[in-house]
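Novice: Sharing a model prediction with you, sequence too.
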Amino acid sequence: MSRRIFEEELGRETVFRDASKLLPDYVPPVLVHRDEEFRQLTRFFRPVIDNMASQRALITGSTGVGKTALTMKFGAEFKSTGAGKKLNLDYLHINCRKDKTLHAVFMKLVQHYNPRWPYRGLGPEKLLDMVVKYLSSHDIYLLLALDELDYFIQLNGPDILYSLTRAFEELGGPNRISIIAIARDKGEFLRLLDPPTQSTFLHNVMPLSKYNSKQLANIMNQRVGDAFRPGAVDPEAVELIADVASRWGDARLALELLWRSGMVADRERSDSVLPEHAREAKAEVYPEIKKESLQDLNYHEKLLLLALARRLKISKQAYAITGEVEKAYAVVCEEYGEAPLKHTQLWERLKKLGELGLADVQPSGPGQRGQSMRASIPEAPVVWIEKELVKQLKS
Ligand code: ADP
Ligand code: MG
């Protein structure tokens, strides 16, 4: 029986040609709409190629604006330029949310150059020393991308950036490691650093803006030909997805919705992806609000959103005024044994939730005194938000 099901399914028509072209890790041969940014990165790092002068840059932007993809593309180009110029240029991309300790990051460096080095029991500084000596003796200049560095520094503090400078000072000779730091928010990231380290990034900051609906449609259309069979995607389905995803400017969400729409079309035995499939896919992804965007929040943002969700759950209303939210937040903080943020900071966090599309924050209208505001969660059931946040806060 299982054999028959297996064969039946394999024999079934599918709208896909190669669904892997829609996966988040796939980097397309060309990035549309990021030429200017690529050019800017080239200018930032030109001194490395011209004068072996180490550089640092900071790339910022919200989820799915192409920070990782752009950096990887640039890194690949940087590395291959060296060959033509007889320079040993190298590139390494480390996701510091996955490798979340100093030791793990420096291990990645060590393993990149020699997986067989005896590294057991060595502390992070020793690991870095090995790499620094290796770079010097092989005359290599490395461009190191530290992706999601804001998470790392929130967790471990900014020592990693000092270590990377200090190592070369101790050895003498040029600093052979240039850095691309990737973070969500410029202000928040820089605040985690001390002024001298801040200034090493300050002149080379590149914010990536959110994609608009048209750009998202172009990004999807660029992949449609490779990912789907000819004619298997109704352009209106793409438009609809672009509209949904444009609220966050998030290409990752757009591509995920496109992939899911294809899955829905297959499930429903349709020979093409239609707007109705896109709508279903959207409902599946759960709502406009996804787990990952909740994961992206810092601790107090989660506590605050949890407070808002609970307040709305209890009141059964669409909105809560900020005074109520603040009270609910104080209760949640007590529950989690955290000192609550001060009013202005809390207000900033709330605005941030609004910008991320997780909450909707607006003036509570005439008739209310002062700058009273109200907040809501328009895009997902509050019960779901509460459940998900409680789970995340536990881990
Ligand atoms: P971020 O790191 O900012 O969260 P990513 O670089 O992971 O975003 O991009 C999310 C997804 O969207 C990836 O699959 C990436 O390949 C794709 N993508 C982002 N920007 C573009 C673009 N300009 N052109 C084509 N694909 C893009
Ligand atoms: Mg990324």
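Specialist: All right, it came through fine. Ligands and ions are numbered 1, 2, ... in the order given.

Novice: Figure out the helix or strand that whatever residue of the stretch 1-150 of the chain ends up closest to ligand 2 lives in.
Specialist: At 3.2 Å from ligand 2, Thr68 is the closest residue in the stretch 1-150 of the chain, using Cβ to the ion. All C-beta atoms are positioned from the backbone trio N, CA, C, and that covers glycine. Secondary structure assigned from DSSP states H and E places Thr68 in helix 67-85.

Novice: now do Pro174
Specialist: Using DSSP H and E, Pro174 falls within no helix or strand.

Novice: Next, give phi and psi for it.
Specialist: phi -70, psi 150 (degrees, to the nearest 10).

Novice: Now do the buried residues in the helix holding Thr68.
Specialist: Across helix 67-85, burial judged by 16 or more other Cβ atoms under 10 Å covers 67-75, 78-79, 82.

Novice: Flag the least confident of these.
Specialist: Ranked by pLDDT, those bottom out at Gly82, which has 84.

Novice: In contact with it, which residues?
Specialist: Shown in contact with Gly82 (Cβ atoms under 8 Å, 6 or more residues apart in numbering): 49, 88-90, 141.

Novice: wouldn't Asp271 be in contact with Pro230 here?
Specialist: No - using Cβ atoms under 8 Å, Asp271 is not in contact with Pro230; the gap is 11.4 Å.

Novice: quick one: which of those two has more around it?
Specialist: Between Asp271 and Pro230, Asp271 has the larger neighbour count (other Cβ atoms under 10 Å), namely 13 against 8.

Novice: that's a helix at that one, yeah?
Specialist: No - counting by DSSP: H, G, I helix; E, B strand; the rest coil, Asp271 is not found in a helix; it is coil.

Novice: Can you name the residues that contact the closest residue to it other than its chain neighbours?
Specialist: Leaving aside its chain neighbours, Asp271 sits nearest to Glu13 (6.3 Å; criterion: Cβ to Cβ, 6 or more residues apart in numbering). By Cβ under 8 Å, 6+ apart, the contact list for Glu13 reads 266, 269, 271.

Novice: hang on, Glu13 in a strand?
Specialist: No - read with three-state DSSP, Glu13 is coil and lies in no strand.

Novice: all strands of the stretch 151-300 of the chain, in order?
Specialist: With strands called from DSSP state E, counting those that start in this stretch, the stretch 151-300 of the chain shows them at 177-183, 205-207.

Novice: These into TSV, with extra columns for distance to Thr322?
Specialist: TSV is the format used below for the strands of the stretch 151-300 of the chain (distance: least, Cβ to Cβ, whole Å):
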stretch	distance to Thr322
strand 177-183	28
strand 205-207	28
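
Novice: for the ones you listed, which one ends up most surrounded?
Specialist: Of all the strands of the stretch 151-300 of the chain, strand 177-183 has the most neighbours on average by mean count of other Cβ atoms under 10 Å, namely a mean of 25.

Novice: Tell me the strands beside that one, with direction?
Specialist: Applying DSSP bridges to the sheet, strand 177-183 is found paired with strand 56-60 (parallel), strand 140-147 (parallel).

Novice: any chance of these in TSV, plus mean neighbour count?
Specialist: TSV is the format used below for the strands paired with strand 177-183 (neighbours: other Cβ atoms under 10 Å):
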stretch	mean neighbour count
strand 56-60	24
strand 140-147	22
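
Novice: Looking at the ones you listed, spot the one closest to Arg374.
Specialist: Counting by Cβ to Cβ, Arg374 lies closest to strand 56-60 out of those; the figure is 29.4 Å.

Novice: and the closest one, average pLDDT?
Specialist: Computed over strand 56-60, the mean pLDDT rounds to 98.

Novice: just stretch 375-394 next, same as before
Specialist: Computed over stretch 375-394, the mean pLDDT rounds to 82.

Novice: Stretch 110-126 too?
Specialist: 87.

Novice: so what pLDDT did Gly367 get?
Specialist: pLDDT for Gly367: 50.

Novice: nope, Gln317 is what I meant
Specialist: So, for Gln317, pLDDT stands at 68.

Novice: now swap in His277 and tell me
Specialist: As predicted, His277 sits at a pLDDT of 87.

Novice: low-confidence ranges in the stretch 151-300 of the chain?
Specialist: Residues of the stretch 151-300 of the chain meeting the criterion pLDDT under 70: 286-290.

Novice: residues in it within reach of ligand 1, list them.
Specialist: Selection of the stretch 151-300 of the chain residues close to ligand 1 by Cβ under 6 Å from any ligand atom yields 219, 222, 251-252, 255.
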